[in-house]
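*Asks:* compute the structure for the input listed below.
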Amino acid sequence: MSLKPLILLPDPVLRQVSKPVERVDGGVRKLADDMLETMYDAPGIGLAAIQVGEPLRMLVIDVSKEEEPREPRIFINPEIVASADERSTYEEGCLSIPDYYAEVERPAAVTVDYVDIDGERRQIEAEGLLATCLQHEIDHLNGVLFIDYLSRLKRDMVVKRFRKLARERPSGRMVG
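*Replies:* Numbering: from 1, shown residues only. Now for the predicted structure:
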C-alpha cells in the first residue's frame with residue numbers, strides 16, 4: 001500500500017467524468033488499498049479514485065467513529081438507483097478542497113447498486129452519514145463537487161481562493 005497524491009481544486013481533473021471499471025483485478029485491488037491508506041492518512045471518510053488522479057468509477061468509504069474499529073467499504077461502478085424524498089443536511093468537506101466546509105442538502109437515504117472488491121454485484125440501502133458520503137463520492141465520479149450545491153457567489157469565492165492557493169504551491173497537488 002502507498003499514499004497517493006490528492007488532486008486539489010482548481011485542478012480540472014476533478015471535473016472529469018470517470019469511466020467504469022471493466023474488471024476487478026489485482027490493479028483495482030491495489031488501487032483500493034492505496035485509496036484507503038490515503039483516505040485514512042488525510043484523514044477523511046470517503047475518497048473517489050478521481051481524487052488521486054484515476055478516472056475510474058470507484059470509491060472508498062469508512063464512516064465508523066474514531067473510537068470504533070475501522071469499517072472500510074469499497075464501491076466499484078456505484079450507481080444510485082433510488083433516492084428518498086426526505087432531505088437531510090450535513091456539513092460537508094472534501095479532501096480535494098481542504099479546510100473548507102459547508103452545509104449541503106441531499107436525499108436522506110439512497111439505494112446504490114455496485115460491484116464489491118470480489119467482483120460481485122451488490123446493493124446497499126444507506127441513510128444518514130453513509131447516504132451523504134455515498135452521494136458526495138458518486139458526485140466526484142460524475143465531475144461534480146459539493147461546492148456545486150452552494151450559491152454561485154459562495155462557490156465562486158471558494159474557487160477563487162483555491163486558484164490563488166494553487167498559484168502558491170509548486171505542483172498543485174499534495175499528499176495527505
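*Asks:* was I right about Leu150 contacting Ala102?
*Replies:* Yes: using CB atoms under 8 Å, Leu150 is in contact with Ala102, at 5.7 Å. Using the backbone N, CA and C atoms, a C-beta is placed for each residue, glycine as well.
*Asks:* figure out the helix or strand that the spatially most central residue of the chain lives in.
*Replies:* Centroid-nearest residue in the chain, with CA atoms, centre = their mean: Glu137, separated by 3.2 Å. Element membership for Glu137 (DSSP states H and E) is helix 128-141.
*Asks:* chain center to that helix: distance?
*Replies:* Here helix 128-141 is found 7 Å from its chain centre; the criterion is CA atoms, centre = their mean, to the nearest Å.
*Asks:* and the next helix or strand after that helix, what's buried?
*Replies:* Using DSSP H and E, the next helix or strand after helix 128-141 towards the C-terminus is helix 152-168. Residues of helix 152-168 classed as buried: Arg155, Val158, Phe162 (neighbour count, 16 or more other CB atoms under 10 Å).
*Asks:* what's in contact with helix 152-168?
*Replies:* With CB atoms under 8 Å, 6 or more residues apart in numbering as the test, helix 152-168 has contacts from Leu8, Leu9, Pro10, Asp11, Ile97, Tyr100, Ala102, Ile147, Asp148, Leu150, Gly172.
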